[in-house]
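Participant: just to be clear, the model below is a prediction. Sequence and coordinates:
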Amino acid sequence: MAIAKADILTFVNGQLKRNETDIDVQIQSILNDLSDENLLVNTDEDQSLSSGSIYLTYPTGFKELISITLNDGTYWGEPLIALPGGHKEYRELVEESVSSNYDEPEHYSEFDKKFWLWPIAGGDYDARIEFYRYHPQDVSNILFGDEFKNAINFGAAYRVALKRRMPEQKNNWEIEYEKEKAKRIVNAPSQPYICRG
């Protein structure tokens, strides 16, 4: 089942005893708030590398990286490791390389909405980028699962009460929303710890 904006509107009108017809702005503000908490995960498997490729681009809606893994056609390798010196270290490695360093990438740096890979890809690879994402600016297609229904309903009621200057309702629904959001944060899967060696 998906969370529908019409159901959110029905909930808000029922709870606040109102006849609102358009609360898209209030719903979107809650979707934005929840996605700011790294509660929306996505996977991009649409990118690939060929020999000489030096970067992958941020996927649509990208907020924060979980992992990048590559497949050479036989298996998915270990997640790539961030260069400790960031993009500065990447540039130094490129400049210090006497000849083009082509091999299976093991490291990356982030810069300019790209993941710069080191060493440079020495073959063809499929890429899997797992990441936290921002919610699209579209309340007609809510990406959060059913477990977020209460948080979104309560948050929308809070934002409508705030807009309509209903102080008691605003305070009550803000508390309920914050409690539901906290539950979703506590129950969110934690990012895996990745180590080698």
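Facilitator: Ah, there it is.

Participant: how about residue 18, secondary structure?
Facilitator: coil (DSSP: H, G, I helix; E, B strand; the rest coil).

Participant: ok, it touching residue 12?
Facilitator: Yes. Using C-beta atoms under 8 Å, residue 18 is in contact with residue 12, at 7.1 Å. In this view, the C-beta of every residue, glycine as well, is placed from N, C-alpha and C.

Participant: between those two, who's got more neighbours?
Facilitator: residue 12 (24 against 17; other C-beta atoms under 10 Å).

Participant: which strands or helices does the helix or strand hosting that one pack on?
Facilitator: Using DSSP states H and E, the element containing residue 12 is helix 5-16. Here helix 5-16 touches helix 24-36, helix 149-163, helix 167-187, going by 3 or more C-beta pairs under 8 Å, 6 or more residues apart in numbering; DSSP states H and E.

Participant: tell me the most buried of those?
Facilitator: For these, the largest average neighbour count (mean count of other C-beta atoms under 10 Å) is found in helix 149-163, namely a mean of 23.

Participant: dump the residue contacts of the most centrally placed residue in the chain.
Facilitator: Centroid-nearest residue in the chain, with C-alpha atoms, centre = their mean: residue 133, separated by 1.6 Å. When contacts are counted by C-beta atoms under 8 Å, 6 or more residues apart in numbering, residue 133 touches 35, 40, 41, 42, 59, 60, 61, 62, 63.
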